[in-house]
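K.L.:
Curious how this folds, go ahead:
(one chain, ligands or ions: 1)
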Amino acid sequence: MKQSVFIALALLFCSALYAQKNIEAIRKQTIEAHLSFLASDALEGRQAGKPGGRVAAEYIQAVWKELGIKPFFNTYFQLFEAFSPARDLGMDFQVHPDSVAKYKQLPAYRRLTLQNVVGYIEGKRKNEYVVIGAHYDHLGIDDLLVGDPIYNGADDNAASVAALLQIAKVFAEKEEKPLRTILFACWDGEEVNYLGSEYFVANFGNTSELKANINLDMISREGLLPTLYPDFEIPEATAENTATGRQFHLVYTEELAKTSERLRQAIRLNQLRVEPKTSVMIHTSRGSDYLAFSQRSVPILWFFTGLHPDYHTPADEVHRIDMDKLLNITRAIYLSLYYIANED
Ligand SMILES: [Zn+2]
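P.N.:
So this is what the prediction gives:
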């Protein structure tokens, strides 16, 4: 065989291995429609425990019902409560039974009612779970703010929920039954203290059945990857720690090193207009909902385009989203889920 023919055949084989025709089914208009609703002023910043947050949860549930994705519990909603001491207005809400018991001894304490929204597609190996998750809550409204008082949280994290809804649609309508069971999870209370993901994992039962967590949090802008350690300090921006243009941060724990390399090749072969900047995560890093999983040694893949000046301000609005980047990153996430859910 001529060398050129051999190379051509090898390339064809690789493309067949990596190419996924269903990425075309992930559409920009649909993602934008979900995003525009979730980040609209009508949802008042989707604060945990407030009416706008509940509307977001109802919306997610309605989409999954229509797609035929099954509720993971008796219903799609996993209802739970979090508690904090009376005077604490900060981030100290807890779901751990020891903290809850302690706070309930106090003469006064604060209670927050929350809900995760979790659906699933059953795999051939029923009890091997891949959890793809994104928090849907954000910071709500600050009545004292002069000007725009609504924290719309378009990048943080309506864009990720929109991506998740589109990916779920492709798996529900186009794909064969996966090897592993896929859980589609929208977490509540991330902005408070990672409450929803912590509650879910703490009450899951046998966490060795959780084979991976794909975490989506802020995937549609450009910005900085802070050093991943407990204090979450924000460093000076440099070319090394900033994702610009088509770049995104692909953060993973060691077990998924091969998967992330495979994803890099798949992105190229599918001609997606995004480019991963990879970082290895240590198991106890704070920062997003992967924390509850990584603390129990579940392998993590985190898609993140970085911190930017609009982070946690009312300026995190839909018109500032890079829709082309969001589309391409959604397709890349879909590929990563496809591999993790189907390969040995
Ligand atoms: Zn977030």
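
K.L.:
The closest residue to the ion within the stretch 201-344 of the chain: what's it in contact with?
P.N.:
Closest to the ion within the stretch 201-344 of the chain is D217: 4.3 Å, counting by Cβ to the ion. C-beta coordinates here come from the backbone N, C-alpha and C atoms, glycine included. D217 makes contacts with A134, H135, D156, N157, S160, E190, S288, D289, W302, F303, F304, as judged by Cβ atoms under 8 Å, 6 or more residues apart in numbering.

K.L.:
what does V274 give?
P.N.:
Counted by Cβ under 8 Å, 6+ apart, V274 has contacts R246, Q247, F248, I267, K325, N328, I329, A332.

K.L.:
all strands of the protein, in order?
P.N.:
70-71, 77-85, 109-121, 125-135, 180-187, 210-216, 223-224, 242-243, 247-252, 275-280, 300-304 (DSSP state E).

K.L.:
send the alpha carbons of the fourth one over as CSV?
P.N.:
Listed in CSV are the C-alpha atoms of strand 125-135, where the atom choice follows Å, rounded to 0.1, in the frame of the first residue of the first chain:
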residue,chain,number,x,y,z
ARG,A,125,-24.9,-1.2,33.1
LYS,A,126,-27.7,0.3,35.3
ASN,A,127,-25.7,0.9,38.4
GLU,A,128,-22.8,2.7,36.8
TYR,A,129,-23.6,6.4,36.8
VAL,A,130,-22.2,9.3,34.9
VAL,A,131,-23.5,12.6,36.4
ILE,A,132,-23.5,15.7,34.1
GLY,A,133,-24.4,18.6,36.2
ALA,A,134,-24.8,22.4,36.2
HIS,A,135,-26.1,24.7,38.9
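
K.L.:
tell me the mean pLDDT for that strand?
P.N.:
Across strand 125-135, pLDDT averages out at 98.

K.L.:
How about the third one?
P.N.:
pLDDT averaged over strand 109-121 equals 96, rounded to a whole number.

K.L.:
where's the nearest residue in space to L139 that is not next to it in sequence relative to E44, distance?
P.N.:
Residue nearest to L139 in three dimensions, not counting chain neighbours: Y151, with 3.8 Å by Cβ to Cβ, 6 or more residues apart in numbering. With distances taken as Cβ to Cβ, to the nearest Å, Y151 is found 9 Å from E44.

K.L.:
Overlap of the contact sets of the two?
P.N.:
G140, I141.

K.L.:
just to revisit the earlier point, among the strands of the chain, which is nearest R54?
P.N.:
strand 109-121 (7.5 Å; Cβ to Cβ).

K.L.:
Alpha carbons only: can I get that closest one in PDB?
P.N.:
Below are the C-alpha coordinates for strand 109-121, written out as PDB (Å, rounded to 0.1, in the frame of the first residue of the first chain):
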ATOM      1  CA  TYR A 109     -31.900  29.800  63.000                       C
ATOM      2  CA  ARG A 110     -32.400  30.300  59.300                       C
ATOM      3  CA  ARG A 111     -33.900  27.700  56.900                       C
ATOM      4  CA  LEU A 112     -33.800  27.600  53.200                       C
ATOM      5  CA  THR A 113     -35.900  25.200  51.100                       C
ATOM      6  CA  LEU A 114     -34.200  24.100  47.900                       C
ATOM      7  CA  GLN A 115     -34.600  21.600  45.000                       C
ATOM      8  CA  ASN A 116     -32.300  19.800  42.600                       C
ATOM      9  CA  VAL A 117     -33.800  18.800  39.300                       C
ATOM     10  CA  VAL A 118     -32.500  15.300  38.300                       C
ATOM     11  CA  GLY A 119     -33.500  13.200  35.300                       C
ATOM     12  CA  TYR A 120     -31.800  10.100  33.800                       C
ATOM     13  CA  ILE A 121     -31.400   7.800  30.800                       C
END
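
K.L.:
Could you tell me which strands sit next to it in the sheet, and their orientation?
P.N.:
Here strand 109-121 is paired, per DSSP bridges, with strand 70-71 (antiparallel), strand 77-85 (antiparallel), strand 180-187 (antiparallel).
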